[in-house]
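# sequence first, then the predicted structure:
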2 protein chains.
Amino acid sequence: MNDTKTTLKKIDLSYQALPGSRKAYRKGKLFPNIRVPFREVSHNVNQILKLYDTSGPYTDPSITLNITSGLPKIQANWDLRNADIEPIKDTQLNRKIFKAKSEKNITQLHYAKKGIITPEMEFVALREGFDSKFVCDEIAAGRAFIPANINHPENEPMIIGRAFLTKINANIGNSAVSSSVCEEVEKMIWATRWGADTVMDLSTGKDIHETREWIIRNSPVPIGTVPIYQALEKAGGKAENLTWETYRETLIEQAQQGVDYFTIHAGVLLKNVPLSAKRLTGIVSRGGATMSKWCVIHNKENFLYTHFDDICEILKQYDVGISLGDGLRPGSIADANDEAQFTELKVLGDLVRRCWKHEVQAIIEGPGHIPMNLIKENMDKEIELCHGAPFYTLGPLTTDIAPGYDHITSAIGAAMIGWYGTAMLCYVTPKEHLGLPVKKDVKDGIMAYKIAAHAADLAKGHKGAKAWDDAISSARYNFRWEDHFRLSLDPETAKKFHDETLPDAKAKKDQFCSMCGPDFCSMRLTRDLNSLNEKNKKDA
Amino acid sequence: MNDTKTTLKKIDLSYQALPGSRKAYRKGKLFPNIRVPFREVSHNVNQILKLYDTSGPYTDPSITLNITSGLPKIQANWDLRNADIEPIKDTQLNRKIFKAKSEKNITQLHYAKKGIITPEMEFVALREGFDSKFVCDEIAAGRAFIPANINHPENEPMIIGRAFLTKINANIGNSAVSSSVCEEVEKMIWATRWGADTVMDLSTGKDIHETREWIIRNSPVPIGTVPIYQALEKAGGKAENLTWETYRETLIEQAQQGVDYFTIHAGVLLKNVPLSAKRLTGIVSRGGATMSKWCVIHNKENFLYTHFDDICEILKQYDVGISLGDGLRPGSIADANDEAQFTELKVLGDLVRRCWKHEVQAIIEGPGHIPMNLIKENMDKEIELCHGAPFYTLGPLTTDIAPGYDHITSAIGAAMIGWYGTAMLCYVTPKEHLGLPVKKDVKDGIMAYKIAAHAADLAKGHKGAKAWDDAISSARYNFRWEDHFRLSLDPETAKKFHDETLPDAKAKKDQFCSMCGPDFCSMRLTRDLNSLNEKNKKDA
C-alpha cells in the first residue's frame, strides 16, 4: 500500500482546464450547497458557451488536489440521505463507511417514487437544463438512473436516461498480463478529462481491490464494475468454483468501497445457454461465458438469477444500481439479433421489474456487433421488453473487418442507437480485440464516443445540443481561428493540426486556411459576395 | 519538368501487397485480354477470400514499375472503343492522345443504350460478381457510371452505382500555400493502396497541369477534377475575370490529359444565390462560391449553365463523366436541408437529364453537414429529383463540434447515407477545416471511409459483403491470430496493436489476448463450454 502511495503521488495533476476554457459553477436553489460544474468558453468577444463538464476538480485551479487523500467529499455536505444512513464498522477499509439504517430505503428511485427531490436530482437538473420535477418523474418511472452510491461522496451526480444528454462510459482496468494500479488511476483521470460520464473498472489482474479503491477515491464520475470478475479471481480463476457466498461477499465489499453500479449477468439462464451453440462466435461476454460455464458444469440455474432478490436487498442499502448484463450479446455480424440475444433480452425485462419492486435503479446492457439495418430493432425491442428502462450499449460495431479501428466501426452504430434512444454508450477503443488500451487509446475511444453521443443529441433534438455546433460554425465562417480552436471538442488537437500546415502565429488571424489558400477560400468568397449583395441593394 | 522527374524517381515503389495478401487476377470471358485484380487472402489452412483491390500494379511484384513512364496502358489492348477513336495532334502533351471520330459517340452510356457490352462493363462485372448484362442495364438506365476517359488507359475500370459496392473517393491536391508535385503523386499511390476507388486532384497551387499529368499517368483508379479551379488560376485568381473561353480550353486540356470525371457547378443559378444569404455559413463549396460571385458581379446567368450543352459536346468525345457539383451544399448543421440546398438539387436533376440526352455519364454531388435525423431525406429527394442518378456525397458530417476528428463525424453520416443508397462517399480527413492533409491524414480518412462503405454494403445486403466479416470473426473466435491480422482491413495496424501489449511471437499462438488474459477469455470459456456440451451429449 505504501509503495502504491509513493507511485500514486507521481501522477501528474498539473492539468489545467482545456485551452481557452475555464471551470464555472452553478449553485443549487433547493440545495444551496451544491455546485454544478461547467466548462465555460468565451467566444465572439462577449458570448459565453456553457458546456457539460465531466472533468471534476482536476480542471479547477482553485482546488488543491492530493491523490492519496482523494477528491473532496462533496456529497457529505448536502446529501439528504444522510439522515437515513449510519456508519458501519469495516475491517478492510480505513475510513468511515455507510449503509442505510434498518428499514430505510435510500435509493434515488425510492425518493423519486415518493416525489421527493434529492440534491442529486437538482444537481443533474441544473447540469442539463431541466426542471428538477421532470428529473424526479423520469427516475420514478424507471426511465432514468442516477448512479450515486452513498459511499462515493466524491461523485458529481449525473443522469442516464433517454430524455437527457446521451452519456458515454469508458472501460479501464488491468488484466493478468498487463498494467498497474497507478496506470489505471491515471486512465480514469484522463478519461474524465476528455468526457467520460462514467468509468467502469474491469480489472481482472492483481491488486483488484486496491486498484478500485484508488480509482473511486479520486473519481468525480460514477464507477461501475463487474463483480463476477473479482469473485472469479477469488475462486482461483475457475468458473466451476464460484459460489453465491463468494459473490455475495464481493458485492458487499465493492458496495462499501463506493462502486455506483454493478453489471450483473443474471439473464444467462441454463436453458438458454445452448442457443449460443449455433453461433459463429459463441459467447463473447466474459461474465456471460463464466456464468454459462458454471450453469452447464453444475447443471444448475445461474445463481445470480436464483439469488436476484438477495442481490437487490444488498444493493439498496448503498444505492448501488444494476446494469443488467447481456451475457449472450452477439460477438459478430453473423450472430446479430439472433434467438440467444433476444431470448435473454426478455429475461432482462423481467429482471428489471424485480429491481423496481425493490426500488433498485437499473439499466439494460445491449450489443455488441450489429449491422446498421438491424440496429433499430434492438432499441425497439429493448423499450418493449424492458418497459422503458434506460438502454446501455457497447457500440454496436457495424462491421467486423477493421480491428485497430473499432472505435470507428462502433461509433457509427453508437451514434445511430443513441439517436434511436440509447441512454449511455459504452466506448470501444482502437485496441478492442487486440490488446489492453493505453492512455492514447482511451482518448481515441472517448473522442469517437463524444462525437457519437453529441450527434445523437442533435438528431434526437436535445434542446441544448445545437448551440455548440452553431457557435463553432459561426467562428469557422468568420475566421475567428482562436474561437474555432477553443470551442472544439478537443482544442489541443484542433490547434495542433492547424499549426502543422500554418505554424505562424499570424496565420491565426488569416482570412483563409491552408486547405484552399486565399484565392480559393469559399468562406472569403462568400463574404465578398455578401458585401456585393449589400452594395447592390443600396445602389438599387 | 526534368527536376520533377528526378524527384519523382525517388518515390518509394517498394510496397508489396498488404501483409498476408497477394495479387490475383480473373480473366475476362467476353474479352480474354482483360485481367481483373483481387487481393487474395489465404486463411484457415486452405480457404481463400478474394477481396476487392484498388491498389493497381503497385502491389504486383511481377510488374516492373517506372514512375516517369507511367503505369502499363492496359486499356490500349482491349478497349472496343479503339475503333471509334482517332489520335489527335496536341502541342502541350508529349504523347498520343485520342478523341472520338467525328459523328461517333464513345461513352459507356452510348454503348449501354445500344445493349453493347464493353470490356469496361465486363471488367466491373467480374470485379463485383455481377452479370455483364446487369451492369450494362444499370448504365443504360443512368443508375450507374463507369468513369473511363479513353486518354486514361492506365485505369482499371470501376463502377459507381447503388446496386454495386459502395465506393469511396479520396481528395488530394496542393494549395497555394502547401505541397509539391511529388507529394501529390505519392498521396495518390498511398490512397489507392488503402482502398480509394477514385481520386480527385483538387490542386489549386502551382504546377497544376504537371501535377495532374503525373498523377494520371501513374493512377490505376479514375481521376476526377474540378476544372474551375484551374480556370480560376488562369484568370489570375479573380472570379470576375473567368470566361467561358478559358473554361472551355481548360476542359479540353484536362480531358485530353485523361481526367475521368469533372465536378461542374452548373446548378448555381443567379436567382438562387440570394438563398444562401440567410445561412449561418453561406456558401462553403469553392466552386459554388466562385460561380456565385461571377453571377452576382456580372448580373448574368452562370456560364456553366448557359453553356451546359457545349460542355456535354466536349466531354462525350473523350467519355469524361460529369459530377454535378452542389455549389450550395450546407456547411454547417444549422444550414442542413435548407431551401438553397434543395432548390439547387432540383436544378441538378434537370441537368442530369440533359447529360443523358448527350449520352454523357453523370452523378450528383451531395452534402456536407447534416444531422443524422435529416440524412435520409437527402437520399430520398436525390432519387426523386435526380431520376435515380448515382449520388456522391461528402460525408455528411453529423456534427460541427469536432475539428481534428471530422473523419469520424463524417464516417457516421457516410455509413448511413451509403446504406440508404449513396453510390460513392467522398472521404473527409482529420485535417478537414484545419489544413491540407498529409499522407497520414489521407490514410486515416480512407480507413474511416472503407469502414463506412463496408458497413453500408452489409446493411444494404450486398451479396458479397458479409463473407469478409464471417471469415475474420471465425479467425478471431478460433484464436487464429495470424489469420485475424491478414484478414483485416489494415493488417499492419492490427498486428502492431497486438504487438504493443504482447510482442512475443509465441503470443500469436495464444488462446487469449491481453485484454482479458487467459482466465477471463470469453472465447476460450465458450470453447470449454462447447466441449462440455459435446461431452454431455455423448454421456447422455
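Alright, I've got the coordinates. Residues are numbered from 1 along each chain as shown, chains lettered A, B, ... in the order given.

# which residues of the stretch 351-500 of chain A fall in strands?
For the stretch 351-500 of chain A, applying DSSP state E, counting those that start in this stretch gives strands covering A:362-366, A:391-394, A:424-426.

# the stretch 51-200 of chain A now?
Under DSSP E, counting those that start in this stretch, the stretch 51-200 of chain A gives strands at A:85-88, A:97-100, A:144-145, A:160-161, A:167-172, A:198-201.

# parallel or antiparallel, list what pairs with the first one.
Right, the one you point to is strand A:85-88. Counting by DSSP bridges, the strands paired with strand A:85-88 are strand A:97-100 (antiparallel).

# ditto for the longest one
For strand A:167-172, the paired strands and their directions (DSSP bridges) are strand A:198-201 (parallel), strand A:424-426 (parallel).

# buried residues in the shortest one?
Read it as strand A:424-426. Buried positions in strand A:424-426, judged by neighbour count with 16 or more other C-beta atoms under 10 Å in any protein chain shown: A:424-426. To be clear about C-beta, it is placed using only N, CA and C from the backbone, and glycine gets the same treatment.

# how far is it from where the chain is centred?
6 Å (C-alpha atoms, centre = their mean, to the nearest Å).

# same question, stretch A:504-511
Taking mean C-alpha positions (C-alpha atoms, centre = their mean), stretch A:504-511 and its chain are 38 Å apart.

# so is it next to chain B?
No - applying C-beta under 8 Å from any C-beta of the partner chain, one finds stretch A:504-511 out of contact with chain B, separated by at least 9.0 Å.

# contacts for that stretch?
A:479, A:481-482, A:498, A:502, A:513-514, A:518, A:521, A:524 (C-beta atoms under 8 Å, 6 or more residues apart in numbering or on different chains).

# could you point out which of the buried residues of strand A:424-426 is nearest to B:Cys312?
Ranked by distance to B:Cys312 (C-beta to C-beta), the buried residues of strand A:424-426 are led by A:Leu425 at 48.3 Å.

# what sits against that closest one?
Contacts of A:Leu425 by C-beta under 8 Å, 6+ apart are A:166-169, A:392-393, A:395, A:414, A:417-418, A:449, A:452-453, A:456.

# reformat these as CSV; add distance to B:Asp326, neighbour count and pLDDT.
Converted to CSV, those look like this (distance: C-beta to C-beta, whole Å; neighbours: other C-beta atoms under 10 Å in any protein chain shown; pLDDT from 0 to 100):
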residue, distance to B:Asp326, neighbour count, pLDDT
A:Thr166, 30, 30, 98
A:Lys167, 35, 27, 98
A:Ile168, 33, 27, 98
A:Asn169, 38, 24, 98
A:Tyr392, 38, 27, 98
A:Thr393, 34, 27, 98
A:Gly395, 32, 27, 96
A:Ala414, 28, 33, 98
A:Ile417, 29, 27, 98
A:Gly418, 28, 31, 98
A:Tyr449, 30, 33, 98
A:Ala452, 26, 33, 98
A:Ala453, 29, 26, 98
A:Ala456, 26, 29, 98
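
# need these in JSON lines with distance to A:Leu324, can you?
What follows is these, written out as JSON lines (distance: C-beta to C-beta, whole Å):
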{"residue": "A:Thr166", "distance to A:Leu324": "19"}
{"residue": "A:Lys167", "distance to A:Leu324": "17"}
{"residue": "A:Ile168", "distance to A:Leu324": "19"}
{"residue": "A:Asn169", "distance to A:Leu324": "15"}
{"residue": "A:Tyr392", "distance to A:Leu324": "9"}
{"residue": "A:Thr393", "distance to A:Leu324": "12"}
{"residue": "A:Gly395", "distance to A:Leu324": "18"}
{"residue": "A:Ala414", "distance to A:Leu324": "19"}
{"residue": "A:Ile417", "distance to A:Leu324": "17"}
{"residue": "A:Gly418", "distance to A:Leu324": "19"}
{"residue": "A:Tyr449", "distance to A:Leu324": "21"}
{"residue": "A:Ala452", "distance to A:Leu324": "22"}
{"residue": "A:Ala453", "distance to A:Leu324": "21"}
{"residue": "A:Ala456", "distance to A:Leu324": "22"}
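
# circling back to that earlier point, so which of the strands of the stretch 51-200 of chain A is nearest B:Lys376?
Closest among those, once you apply C-beta to C-beta, is strand A:167-172, at 25.0 Å.
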